[in-house]
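Engineer: quick check, what structure comes out for this input:
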Amino acid sequence: MAAHSRDPLTHPEVRQATTGGYAAGYGVSVILMLGALLITQQHVLAYPTFLWLISSLVVLSLFSQAALFFGLGLSPVQAWKSVSLILALPLFVFTIGLSVWMFNSLYPRTMPAMNMNTSQPTLLQ
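Structural biologist: As a prediction, this is how the structure comes out:
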């Protein structure tokens, strides 16, 4: 019978990251967010280029935080963390997308005076 440690925090499934991982994740996040801030403040890029650059910085930041803060990887020890993240991401995107769609479709219905192209009569007409 194998000897088990009594401290659950010593198991590799429970550990998130090392102190160096946290420091590196924080440093990478700060650098990427400062880059996004400087790009936003300069106003020198065309809108599509600006949007793609900011989106790519956000994706890089998310991946770096997942790898460095949470210790996600392809190792068998971290497989369940990776699977739970992969299953949660579509739900997150679906929830955010439906919320944006809901508010976008409710705005013309609830604020007809703000929408100049409406054909519905308002109380003032």
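Engineer: now the helices for this protein?
Structural biologist: For the chain, the helices defined by DSSP state H cover 19-42, 47-68, 79-110.
Engineer: tabulate the ones you listed (JSON lines), appending mean neighbour count and mean pLDDT.
Structural biologist: (Glycine included, C-beta is placed from N, CA and C.) Output for the helices of the chain, formatted as JSON lines (neighbours: other C-beta atoms under 10 Å; pLDDT from 0 to 100):
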{"stretch": "helix 19-42", "mean neighbour count": "13", "mean pLDDT": "91"}
{"stretch": "helix 47-68", "mean neighbour count": "14", "mean pLDDT": "91"}
{"stretch": "helix 79-110", "mean neighbour count": "11", "mean pLDDT": "86"}
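Engineer: dump these to JSON lines, plus distance to D7.
Structural biologist: Output for those, formatted as JSON lines (distance: least, C-beta to C-beta, whole Å):
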{"stretch": "helix 19-42", "distance to D7": "18"}
{"stretch": "helix 47-68", "distance to D7": "24"}
{"stretch": "helix 79-110", "distance to D7": "20"}
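Engineer: nearest to T10, of those?
Structural biologist: Of all the helices of the chain, helix 19-42 sits nearest to T10, with 15.7 Å by C-beta to C-beta.
Engineer: what residues does that closest one touch?
Structural biologist: 17, 45, 50, 53-54, 57-58, 60-61, 64-65, 67-69, 71 (C-beta atoms under 8 Å, 6 or more residues apart in numbering).
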